[in-house]
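Student: Generate coordinates for the sequence data below:
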Amino acid sequence: MLKRDVPRTNLIKGLISAHQYAQRSAVNVTLTQTLRSAIKQRLKSIEEYQKAQRDDLAKQEQTEIDMIQEFMPKQISEAELEKIVTEEVEKDSSNAIKSSIERLGEKCDAKRIVEAVKKIKLSAAGGS
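Tutor: Next comes the predicted model:
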């Protein structure tokens, strides 16, 4: 049976519109990139709402983030990320971030990859 969830429907319509606009504006924009962009926008909104003490609006934005994350690809675990990044650092330390991002694609956020590479390089430098 169809469930009439107006906020969810409006969110999905907005995401579809944003993705179509992004495709017209740029080349090779994936849906995942559009979703990540939408999440980043909402995180900025949450910060602004909290500064203005508008917790009701911040909560609404967080709810939308939770709904968007349902459509995101499953992220890899920290252990898997560490294993892959370690392999890439061992191959070529200077290009570890780039090669890790290329290897993992949409399975992991680039920010997590950069943090993992820094952590592994620091532990390798400290362990030497």
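
Student: Can you pull out the low-pLDDT segments for the chain?
Tutor: 1-2, 127-128 (pLDDT under 70).

Student: can I see the domain layout of it?
Tutor: As assigned by automatic domain parsing, the chain contains the domains 6-69, 78-127.

Student: Ser45 and Met72: what is the separation?
Tutor: 18 Å (CB to CB, to the nearest Å). Every residue, glycine included, has its C-beta placed from N, CA and C.

Student: Same question for Lys118.
Tutor: Counting by CB to CB, the gap from Lys118 to Met72 is 24 Å.

Student: So which bits of stretch 34-47 are buried?
Tutor: Along stretch 34-47, these residues count as buried under the neighbour rule (16 or more other CB atoms under 10 Å): 34-36, 38-39, 42, 45-46.

Student: And stretch 67-80, by the same measure?
Tutor: For stretch 67-80, a neighbour-count test (16+ other CB under 10 Å) marks Ile68 as buried.

Student: neighbouring contacts of it?
Tutor: 8, 11, 15, 31-32, 35-36, 38-39, 42, 84, 104, 106-109, 112, 116 (CB atoms under 8 Å, 6 or more residues apart in numbering).
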